[in-house]
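>>> no FASTA, just this:
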Ligand SMILES: [Zn+2]
């Protein structure tokens, strides 16, 4: 179980292929060999009990059941004649939460899935940056490439815009050293943490103004809308069936049937799109509120962060935008925008601003009593 937790932790830093190699070196039994060692029958044959495949690692990483739920109806057979198992689309899976003790907490699991979607690959030298997949050019929007050639020491590892192409590309260099970026991000995290720790009500008030706190009325409105739309879709099915029967029985003319069925089908099509849209909105609101909870949990739990860890970066930072360096003042000055998960860009208010915000909250405590 501990090994599983470590594996998830590791996956935030390395690719499945690297983890597979490490497990092989550490002589960890592959699942089939492990079951066999317990005396259980296994279907698969294996020659090397330590030959980990990156696919096996990936399978473990996407298995939602480690969060303590049970997932049913993941597969189906094509027909009773063809005994080929096929995976069903995810939205047809039945997920029953909390059926078993969770080994991986849900936040970690979700974060790993998110990272897997971005498919971050290590550089040729095997060195990875803490921020891979999160650093972008503020001007052209493309990714910044992480350069960690063998000839560079850790201090020289840097980022530059993917469109710079050594001066032949369409964008400027947007150069920043990895160590500098790490320092900037760590400072930003610490000042946000200080702010949240000392003035959480003010922080929540600001978030409410930015519309980030999940609005219960809006979610419940969306839920009701989705329910109604789904019910109408089912009703339309029945209506379409009924007019078809009416037409067969000669109760309505073929022409009238054609007109009505087109109308019903158009309405149904429109509703199906609307449901998809509303469900997306709802999922987005729920994700933001989950992200905000994670963010607050991480920030509240420590007095100050000494160094960046993959977990810290992945639970707090969503995106980093680097501006091109500005040498006009004589110093090399690089502006970096840090987008935190859930809250995005945040300007931490000054002492005076905090004071006036506190006064506002005190004057109207009912409206400002907020929780995340
Ligand atoms: Zn660029």
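Yep, it's here. Small disclaimer: the values here were computed from a predicted structure and weren't measured.
>>> Next one: the residue of the stretch 251-372 of the chain found nearest the ion from residue 351, what distance?
Taking Cβ to the ion, the ion has its nearest neighbour within the stretch 251-372 of the chain at residue 324, 7.9 Å off. The way it works is simple: take the backbone N, C-alpha and C, and place the C-beta from them, glycine included. Between residue 324 and residue 351 the computed distance is 32 Å (Cβ to Cβ, to the nearest Å).
>>> So between the two, which is more surrounded?
residue 324 (18 against 6; other Cβ atoms under 10 Å).
>>> quick one: contacts for the nearest residue to that one once chain neighbours are set aside?
Closest residue to residue 324 apart from its sequence neighbours, by Cβ to Cβ, 6 or more residues apart in numbering: residue 172 at 4.6 Å. Contacts of residue 172 were listed using Cβ atoms under 8 Å, 6 or more residues apart in numbering, and they are 139, 161, 164, 324.
>>> cool, residue 299 as well?
Neighbours of residue 299 in contact, by Cβ under 8 Å, 6+ apart: 192-193, 196-197, 316.
>>> ok, and the most crowded of those?
Neighbour-wise, the contacts of residue 299 (other Cβ under 10 Å) top out at residue 316, 24 neighbours.
>>> can you list the domains in this structure?
2-118, 135-212+298-368, 216-290 (automatic domain parsing).
>>> How far off centre is the last one?
Just to be clear, that refers to domain 216-290. Distance of domain 216-290 from its chain centroid, counting by Cα atoms, centre = their mean, to the nearest Å, is 30 Å.
>>> how long is that domain from one end to the other?
With Cα to Cα, to the nearest Å applied, domain 216-290 spans 14 Å between its terminal residues.
>>> mean confidence for that domain?
On average, the pLDDT along domain 216-290 is 93.
>>> hang on, the earlier thing: buried subset of the contacts of residue 172?
161, 164, 324 (16 or more other Cβ atoms under 10 Å).
>>> will you turn those into CSV that also has pLDDT and secondary structure?
Listed next are the buried ones among the contacts of residue 172 as CSV, based on pLDDT from 0 to 100; DSSP: H, G, I helix; E, B strand; the rest coil:
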residue, pLDDT, secondary structure
161, 94, strand
164, 91, coil
324, 89, coil
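>>> Max pairwise distance over the contacts of residue 172: which two?
Farthest apart among those by Cβ to Cβ are 139 and 164. That separation is 10.6 Å.
>>> where do the contact lists of these two overlap?
Counting by Cβ under 8 Å, 6+ apart, the residues touching both residue 139 and residue 164 are 171-172, 174.
>>> what would those residues look like in JSON lines with secondary structure?
Output for the shared contacts of residue 139 and residue 164, formatted as JSON lines (DSSP: H, G, I helix; E, B strand; the rest coil):
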{"residue": "171", "secondary structure": "coil"}
{"residue": "172", "secondary structure": "coil"}
{"residue": "174", "secondary structure": "coil"}
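>>> got the residue ranges for the strands in this protein?
Along the chain, counting by DSSP state E, strands occupy 70-72, 75-77, 85-87, 94-96, 135-137, 144-147, 158-161, 176-177, 317-322, 336-340.
>>> Paired strands for the shortest one, with orientation please.
To tie it back to what came earlier, the one meant is strand 176-177. strand 158-161 (antiparallel) (DSSP bridges).
>>> just the domains of the chain: most buried one?
domain 135-212+298-368 (a mean of 16; mean count of other Cβ atoms under 10 Å).
>>> isn't residue 182 right up against residue 308?
Yes. Look at residue 182 against residue 308 with Cβ atoms under 8 Å: they come within range, at 5.8 Å.
>>> Which residues are in contact with each of those two?
residue 130.
>>> Mean confidence (pLDDT) on stretch 59-72, please.
Here the average pLDDT along stretch 59-72 is 72.
>>> sorry, that was for stretch 346-363
On average, stretch 346-363 scores 91.
>>> Which residues does it contact?
Outside stretch 346-363, the residues that reach it (Cβ under 8 Å, 6+ apart) are 191-192, 195, 199, 201-202, 205-206, 340, 368.
>>> nearest to the ion, of those?
residue 340 (22.4 Å).
>>> For the closest one, give me the pLDDT.
pLDDT, residue 340: 95.
>>> how about the residues of the stretch 51-200 of the chain near the ion?
Residues of the stretch 51-200 of the chain lying close to the ion by Cβ under 5 Å from the ion are 137, 139-140, 161, 163, 171.
>>> Farthest pair within the residues you listed?
Across these (Cβ to Cβ), the longest gap, 9.0 Å, separates 139 and 163.
>>> give the contact list for residue 338.
Counting by Cβ under 8 Å, 6+ apart, residue 338 has contacts 184-185, 188, 317, 320, 345.
>>> which residues pair with it across the strands?
Going by DSSP bridges, residue 338 forms beta bridges with residue 320.
>>> Any chance of the backbone angles for the residue sitting furthest away from the middle of the chain?
The centre of the chain is farthest from one residue, residue 250, which by Cα atoms, centre = their mean lies 55.3 Å away. Phi and psi for residue 250, reported as degrees, to the nearest 10, are phi 80, psi 10.
>>> The chain should start at 43 in everything you say after this.
Okay, using 43 as the starting number, the last item reads as residue 292.
>>> Okay, it and the ion: tell me how far apart.
Distance, residue 292 to the ion, by Cβ to the ion, to the nearest Å: 69 Å.
>>> For that residue, give its distance to residue 298.
12 Å.
>>> Same check on residue 240?
Counting by Cβ to Cβ - residue 240 and residue 298 are separated by 71 Å.
>>> confidence score at the spatially most central residue of the chain?
Centroid-nearest residue in the chain, with Cα atoms, centre = their mean: residue 156, separated by 3.7 Å. We have a pLDDT of 70 for residue 156.
>>> And for residue 46?
pLDDT at residue 46 comes out at 68.
>>> Ok, residue 351 next?
For residue 351, the predicted pLDDT is 90.
>>> shared neighbours of residue 181 and residue 205, anything?
residue 213.
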